[in-house]
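1. Kindly return the folded structure for what I paste below:
(2 chains)
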Amino acid sequence: MKFEEIVKNCIAFPKMHFSNAEEVIDFLSKQLTNKGIVKNEFSEAVLNREKKYPTGLQLGDINVAIPHTDVDHVLKSGIAIATLTTPVFFNRMDDPSTKVPVNIVFVLAVSNPKEYVKFLSKLTTSFGKDHYMEELLKAEDPDEIKKVLKKILDGEEK
Amino acid sequence: MKKIKILVVCGTGIATSTVVSRKLEEKLSERGFSVETRQCKAAEVERNLDGVDVIVTTTPVPENLGVPVVRTLAFLTGVGEEEAIEEVVKKLGGEE
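-> Predicted coordinates:
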C-alpha cells in the first residue's frame, strides 16, 4: 500500500482565501514544487490542462475540484489540499460550459497511475459523503486536514 | 461468454479514468459480465473505438461516434453509482 507515501507528501492549507480558480491552482502547485514533489513547470501544465479539461465536481452543498496533469511533470506522488473560506468557480468536468462554486481543492501529483488509483478511488468516493467534506472544511490547521484524510483512507468505503 | 470492451475516457486518460475503470470492472463482474477496459484521453476517442461496445466518460466526447456513450461522474464519486451501472448495462443490451 502506497498510502503512506502520498500522505507523507500531503500539504494542506485550511481556511484560505483566493479570488479565482487559477490562483488556488497556482498556489498549491508551487507549494508542491517547493516540497520537491513536482517539477517547476507543473503549475503551468495543470493550469493549461484545467482550461481544456476542467475538474470541478458538482456534488451538492460542498463541491470540490481535482486539478492534475500528466505524469511527466511529477517527481513523487503527493497531494495539496486547500479549504476555502469563500468558494471560487471552477468549470465542471462533466459539463465544461457550466461553472460550480468549489469549497475544497485537491491538486493531485500523480507519478504512477497504478499506484495512485487506490488512493484516488478512496478520496473521490469520500466526495459523495458529506460528513467527510464537512470535517475538512471545519479543520483549523494542516494536521487536522491530514487526520481527516487518514480517516478517509482507512474507511470501509471502496 | 463474450468479453465486453469498454473505452473509459477522461481529460488526460490518467487519473480519473483509472479510478472509473477499476470501479466498472468490479461492478460489472459482480453482475456476471466479463469486462475489458481501455483508457484514453477525450481528444483521442475516435482512434480508440476498435471493438468497443460502450464508452464511459467523465467529460464530453464528440457526438455520433457510432458507439453508445454514458457520461457520468458516478464511478468517481460513488453518487448514483447503481443507476449509472444500470445505464451501462442497458446500453450493452441487457443482463448476461
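2. show me the contacts for residue 90.
-> Reading this off chain A. The contact partners of A:F90, by C-beta atoms under 8 Å, 6 or more residues apart in numbering or on different chains, come to A:21, A:50, A:54-56, A:63, A:65, A:99-100, A:102. For every residue, glycine as well, the C-beta is placed using N, CA and C.
3. other chain: chain B
-> Applying C-beta under 8 Å, 6+ apart, no residues qualify as near B:K90.
4. Am I right that it sits in a helix?
-> Yes - counting by DSSP: H, G, I helix; E, B strand; the rest coil, B:K90 falls inside a helix.
5. Spit out the contact partners of whichever residue of chain B sits closest to chain A.
-> Nearest residue of chain B to chain A: B:G11, at 2.6 Å (C-beta to the nearest C-beta). When the contact criterion is C-beta under 8 Å, 6+ apart, the partners of B:G11 are A:49, A:52-53, A:55, A:93, B:41-42, B:58-59.
6. and chain B, which of the contacts of A:F90 contact it?
-> A:T55 (C-beta under 8 Å from any C-beta of the partner chain).
7. Where neighbours are concerned, which of the contacts of A:F90 has the most?
-> A:T55 (31 neighbours; other C-beta atoms under 10 Å in any protein chain shown).
8. Surely it is in contact with A:A65?
-> Yes - counting by C-beta atoms under 8 Å, A:A65 is a contact partner of A:T55 at 5.0 Å.
9. can you pull the pLDDT of the residue of chain A found nearest chain B?
-> As assessed by C-beta to the nearest C-beta, chain B sits closest to A:Y53 within chain A, at 2.6 Å. pLDDT, A:Y53: 93.
10. hang on, isn't it packed against B:G13?
-> No - under the criterion of C-beta under 8 Å, A:Y53 is not in contact with B:G13, lying 10.0 Å apart.
11. in chain A, what spans have low per-residue confidence?
-> Flagging of chain A using pLDDT under 70 yields the residue ranges A:1-2, A:156-158.
12. Break down it into its strands, ranges please.
-> For chain A, the strands defined by DSSP state E cover A:10-16, A:56-57, A:64-65, A:78-91, A:99-109.
13. Neighbouring strands - and their directions - for the longest one?
-> Looking at strand A:78-91 with DSSP bridges, its paired strands and their directions are strand A:10-16 (parallel), strand A:99-109 (antiparallel).
14. which of those sits most buried?
-> Between the strands paired with strand A:78-91, strand A:99-109 has the highest mean count of neighbours, a mean of 23, where neighbours are mean count of other C-beta atoms under 10 Å in any protein chain shown.
15. Which element, helix or strand, includes the residue most central in space within chain B?
-> With distances taken as C-alpha atoms, centre = their mean, B:V56 lies nearest the centre of chain B, 2.8 Å away. Using DSSP states H and E, B:V56 falls within strand B:54-57.
16. Tell me the gap between the helix or strand following that strand and the middle of its chain.
-> Where DSSP H and E defines the elements, the next helix or strand beyond strand B:54-57 is strand B:69-71. Its chain's C-alpha centre and that of strand B:69-71 lie 7 Å apart, by C-alpha atoms, centre = their mean, to the nearest Å.
17. now for the strands paired with strand A:78-91, which one comes closest to B:K5?
-> B:K5 lies closest to strand A:99-109 among the strands paired with strand A:78-91, at 27.5 Å (C-beta to C-beta).
18. so how far is the closest one from its chain's centroid?
-> Computed by C-alpha atoms, centre = their mean, the separation of strand A:99-109 from the middle of its chain amounts to 6 Å.
19. what's across from the residue most central in space within chain A in the sheet?
-> A centroid search over chain A (C-alpha atoms, centre = their mean) returns A:F106, at 0.8 Å, as the residue closest to the centre. Beta-bridge partners recorded for A:F106 (DSSP bridges): A:I81.
20. quick one: average pLDDT of the strand holding B:V56?
-> Strand B:54-57 comes out at a mean pLDDT of 97.
21. Now do the contacts for residue 37.
-> All of this refers to chain A. A:9, A:74-78, A:109.
22. Chain B, not that one
-> B:5-8, B:21, B:24-25.
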